[in-house]
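1. I would like to see how this sequence folds:
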Amino acid sequence: MDANEILDYCLSKKGVTETFPFDQETLVVKVGTKMFLLMSLEKQPLTIAVKNDPEWSLELREQHPQITGAFHMNKTHWNSVSLDGLRRDLILKMIDQSYDLVFKSLTKKAKEEIENS
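-> Numbers count the residues shown, from 1 in each chain. Below you'll find the predicted structure:
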């Protein structure tokens, strides 16, 4: 998958926006006001950071050398994922879980606004 495919997939979800709050190469994708994916547009191979269930994160890190604790993030919850050599369905599943976990953490009001938009 390339950066455009990742971004298009994320933007197809409700309440998602893209920003560059840190610099011009680190794309941050948010649901509501909270980020659920970071992507370095300059780094090769393409690497993303996503939030995942801690138990699943441990399994993923054991099974795939491309998946590690995310730099500058809470490594219990955030994974750095080098997309090189990973199956598309696994990448999408990690993105889906990240979106869902972050969406669930939003306030009731924010969730309702997104669901009704």
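2. C-alpha from now on. contacts and neighbour counts both.
-> Will do.
3. now do the helices in this structure.
-> Applying DSSP state H to the chain gives helices spanning 3-11, 54-63, 88-105, 108-115.
4. for residue 44, which of the ones you listed is the nearest?
-> helix 3-11 (10.8 Å; CA to CA).
5. for that closest one, which positions count as buried?
-> For helix 3-11, the neighbour count (16 or more other CA atoms under 10 Å) marks 6, 7, 10, 11 as buried.
6. do the same with stretch 58-65
-> Buried, per 16+ other CA under 10 Å, within stretch 58-65: 58, 60, 61.
7. likewise stretch 86-95?
-> If you call a residue buried by 16+ other CA under 10 Å, then stretch 86-95 has these buried ones: 91, 94, 95.
8. can you list the buried residues of helix 3-11 in TSV and add distance to residue 45 and pLDDT?
-> Shown next, in TSV, are those (distance: CA to CA, whole Å; pLDDT from 0 to 100):
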residue	distance to residue 45	pLDDT
6	14	97
7	16	97
10	19	98
11	22	98
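9. what's the closest of those to residue 53?
-> residue 10 (18.6 Å).
10. correct me, but that closest one touches residue 28?
-> No. Using CA atoms under 8 Å, residue 10 is not in contact with residue 28, being 10.7 Å away.
11. thinking again about what came up before, with distance to residue 51 as new columns, can the buried residues of helix 3-11 be given to me in CSV?
-> Shown next, in CSV, are these (distance: CA to CA, whole Å):
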residue, distance to residue 51
6, 15
7, 16
10, 14
11, 17
